[in-house]
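S.K.: Dropping a prediction and its sequence here:
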Amino acid sequence: MSYYRHHLFFCVNQRTDGRPCCAQHGAKSMRDYMKGRVKALGLAGPDGVRVNTAGCLDRCDKGPVLVVYPEAVWYTFVDHEDLDEILQSHLIEGKVVERLLVD
């Protein structure tokens, strides 16, 4: 059994060579927002949700991206509303948010 029910990894990669990167889309502040929401809803901790920073997940061209484990579901997002939808639908209700999937 897993220590966390869901583990979210937010790519916050910052590239300096001109290629796209998740940091260009405010990935750090979006990660912070999700972390705060998870805590505020009492979902953080053992048998709950863990929100983490990841270095490059090698999908920055689709960014910003986050991946939810153990399901290995990849999402992109634009704003807090997208993250709220991922939180409610996927993490609470167990339903993948199809419109935000990264192919």
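M.R.: Great, that's in hand.
S.K.: Quick one: the helices in this structure, in order.
M.R.: 27-40, 80-85 (DSSP state H).
S.K.: And the first one, what's buried?
M.R.: Within helix 27-40, the residues that qualify as buried by neighbour count (16 or more other C-beta atoms under 10 Å) are Ala27, Met30, Arg31, Tyr33, Met34, Lys35, Arg37, Val38. For every residue, glycine as well, the C-beta is placed using N, CA and C.
S.K.: excluding its backbone neighbours, what's nearest the fourth one?
M.R.: Residue nearest to Tyr33 in three dimensions, not counting chain neighbours: His80, with 5.7 Å by C-beta to C-beta, 6 or more residues apart in numbering.
S.K.: Same question for Glu85.
M.R.: Val97 (5.5 Å).
S.K.: which residues sit in contact with that neighbour?
M.R.: Neighbouring residues of Val97 by C-beta atoms under 8 Å, 6 or more residues apart in numbering: Tyr75, Glu85, Ile86, Ser89, His90.
S.K.: hmm, back to that, can you get me a residue count around the residue nearest to Tyr33?
M.R.: The local packing of His80 (other C-beta atoms under 10 Å) involves 14 other residues.
S.K.: try Glu93
M.R.: 9.
S.K.: where does this structure dip in pLDDT?
M.R.: 1 (pLDDT under 70).
S.K.: if we can go back for a sec, measure the residue nearest to Tyr33 to Asp17 for me?
M.R.: Using C-beta to C-beta, to the nearest Å, His80 is found at 30 Å from Asp17.
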